[in-house]
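Q: sequence unknown, structure follows:
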C-alpha cells in the first residue's frame, strides 16, 4: 500500500529522467527540510533515535497524535547531507498525518525509486535504514 501523497512524489520522480533535473528535484526537497523542533528533541539527540548506517547522522521521531495519526520529525546532523535531508523532507511531508498502521507499510524500496542508481551502496543502505527506522517506530506506536 502506498499513501497518496507519497505516490504523488514517486510519480513526480518517475517523470524526471534527466540526471541534472533529478538532482535539482532532490535539492528542492532538501531545501524544504525542517529540523526536529526543540519541543520534540534537542541536541545532543538520544542515541535510540539515531538511524543506523546513515552517513549523515540522521535521527527520527514518530509522535502519536490525539486523533490516532502520527507526525514524523527528523534531524540530519551533516550540513551537506542533501540526500538524507531530501528523504527526511519527503517522508515527513507525505507520511505525517497518517496512522502508524499505514506508515508501517511504506517499503524501503522507495529509496531506489527516488534516487535510482545515483547513490553509493553505503548511502543507499543509510537511506533505506531511514525508512526502516520509520517503519519500526510506526510498528511500536501501533502496538501502543
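A: Ah, there it is. Remember, predicted model here, so these are calculated numbers, not experimental data.

Q: how many residues are close by the nearest residue to residue 119 once chain neighbours are set aside?
A: Excluding its sequence neighbours, the residue lying closest to residue 119 (CB to CB, 6 or more residues apart in numbering) is residue 83, at 6.4 Å. C-beta: built from backbone N, CA, C; applies to glycine. Counted by other CB atoms under 10 Å, the residues lying close to residue 83 total 28.

Q: residue 18 too?
A: Neighbour number of residue 18 under other CB under 10 Å is 9.

Q: residues in contact with the helix ranked longest in the chain?
A: Taking DSSP state H as the criterion, the chain has its longest helix at helix 121-143. Surrounding helix 121-143, the residues in contact under the criterion CB atoms under 8 Å, 6 or more residues apart in numbering are 51-56, 58, 60-62, 64, 70, 72, 74, 83-84, 87-88, 91, 95, 100-101, 103-108, 110-112, 115, 119.

Q: roughly how far does the residue nearest to residue 119 sit from residue 129?
A: 12 Å (CB to CB, to the nearest Å).

Q: what do you get for residue 113?
A: 16 Å.

Q: so which of the two has more stuff around it?
A: Legend: neighbour count by other CB under 10 Å for residue 113 and residue 129, higher for residue 129 (20 against 14).

Q: got phi/psi on the spatially closest residue to the more buried one that is not a sequence neighbour?
A: Nearest non-adjacent residue to residue 129, counting by CB to CB, 6+ apart: residue 53, 4.5 Å away. With angles defined as degrees, to the nearest 10, residue 53 sits at phi 70, psi 0.

Q: quick check, residue 74 in a strand?
A: Yes. Counting by DSSP: H, G, I helix; E, B strand; the rest coil, residue 74 falls inside a strand.

Q: pull the contacting residues for it.
A: Applying CB under 8 Å, 6+ apart, we find residue 74 in contact with 33, 35, 36, 58, 59, 60, 61, 88, 91, 92, 130.
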